[in-house]
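**Q** coords below, sequence missing:
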């Protein structure tokens, strides 16, 4: 790159990183404030609070980065025009494609960032969030719940223990599970403790019994046990575990088994998740080209650039909303794939054509007017 191109790239890159950090920080703060109950009611430390809420940052970067690139390109081109640098470059014969070069490097950088986030970091962060929430549930049993109290861990799930031993074991446990409307399960154990095995956390009960009673039965089925483990993952939010599409790696989505019960029950969700991961990086390229096409031509201070900026914002907003809409359509129809990829690619091609041939829209309008003119003259002569 030339000195001027490096100067433009540094300016655009600085604006992009600043906008990305500021926008991500504001949105993350709004999300974090809604999770204050992790410390207030679940007894977690500030570090756990920051870790859980920080894991949402990859999903924010995935959506915000294309917007930050769009803002950075608009800011840089507007600054160059305000300092009359675009006018000077145009007077020296610099073409629009050459001016596009530093912004193309920025687009490649932003696209790589969004691709890495969308294809790898985002699903990994969601898997880690599920793991952390399961550990928080385990911590509630060992640290938050006090002896002698009856606590509702979930809708219809009651937990109680009589006392805690010096080694952390709980004695005199009573657990009742009424989450299923047609049956009730009651666990009574002399002792219990929470243990961690890999990514899973379990409540291990010792020397007790399980009483299972159906809704229409008077006599419960009683099963005695020496040791029984309860998976604490069942108390995390709905659809926990790596079966959810957003928690699976991109390779797992590509190689998904159509006969798997989760895939067979929700084929549209898996299709939507897979294509969204490839569509997100595409918007970084499209937004760069739309912003550049709108402001790459030099303007005098009297002409102003407000209209061009407003049009660029309107196009970008329409494309982003259309992207969300086509993603929802992917759940219902596989044919929506063509529309999902076609709209941003069409906008990219139209912007590139406008940069290469800025007079193309005017010439097209003149040709359409010339085609209509003979028809109107013919009708006039016939009259």
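**A** Perfect, thanks for sending it. If you're wondering where the values come from, they're calculated on a predicted model, not measured in any experiment.

**Q** Show me the strands in this structure, by range?
**A** Secondary structure of the chain (DSSP state E): strands at 151-154, 157-164, 170-177, 183-197, 200-214, 221-231.

**Q** strand partners of the second one, parallel vs antiparallel please.
**A** Sheet neighbours of strand 157-164, with direction, are listed as strand 151-154 (antiparallel), strand 170-177 (antiparallel) (DSSP bridges).

**Q** Show me the contact partners of it.
**A** 141, 145, 147-153, 170-179, 192, 235 (Cβ atoms under 8 Å, 6 or more residues apart in numbering). Where you see a C-beta, it was placed from the backbone N, CA and C, and this is true even at glycine.

**Q** Of all the strands of the chain, which one comes closest to residue 328?
**A** Evaluated with Cβ to Cβ, the strands of the chain place strand 151-154 nearest to residue 328, the distance being 30.4 Å.

**Q** related to what we said a few turns ago, what would the strands of the chain look like in CSV with mean pLDDT, distance to residue 113 and mean neighbour count?
**A** As requested, those are exported to CSV (pLDDT from 0 to 100; distance: least, Cβ to Cβ, whole Å; neighbours: other Cβ atoms under 10 Å):
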stretch, mean pLDDT, distance to residue 113, mean neighbour count
strand 151-154, 69, 39, 13
strand 157-164, 84, 42, 16
strand 170-177, 88, 45, 19
strand 183-197, 86, 34, 17
strand 200-214, 86, 33, 17
strand 221-231, 88, 37, 13
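
**Q** would TSV of the ones you listed with distance to residue 283 be doable?
**A** Output for these, formatted as TSV (distance: least, Cβ to Cβ, whole Å):
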stretch	distance to residue 283
strand 151-154	39
strand 157-164	43
strand 170-177	46
strand 183-197	40
strand 200-214	37
strand 221-231	39
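
**Q** Which one of those lies nearest to residue 120?
**A** strand 200-214 (23.1 Å).

**Q** Surely residue 67 is in contact with residue 287?
**A** Yes: between residue 67 and residue 287 there is a contact under Cβ atoms under 8 Å: 7.2 Å.

**Q** Between the two, which is the more surrounded one?
**A** Using other Cβ atoms under 10 Å, the more surrounded residue of residue 67 and residue 287 is residue 287, with 31 against 18.

**Q** What score does the more buried one have for pLDDT?
**A** At residue 287, the pLDDT value in this model is 96.

**Q** Quickly note the distance from it to residue 351.
**A** For residue 287, the distance to residue 351 (Cβ to Cβ, to the nearest Å) stands at 10 Å.

**Q** With residue 284 instead?
**A** Taking Cβ to Cβ, one finds residue 284 at 14 Å from residue 351.

**Q** Determine the number of other residues adjacent to residue 93.
**A** By other Cβ under 10 Å, 7 other residues sit near residue 93.

**Q** Could you number the chain from 7 rather than 1 from now on?
**A** OK, 7 is where the count begins now, so the last one is residue 99.

**Q** Now the spatially most central residue of the chain. Nearest residue, chain neighbours left out?
**A** Of all residues in the chain, the one closest to the mean position by Cα atoms, centre = their mean is residue 65, 3.5 Å from it. Nearest non-adjacent residue to residue 65, counting by Cβ to Cβ, 6 or more residues apart in numbering: residue 128, 5.2 Å away.
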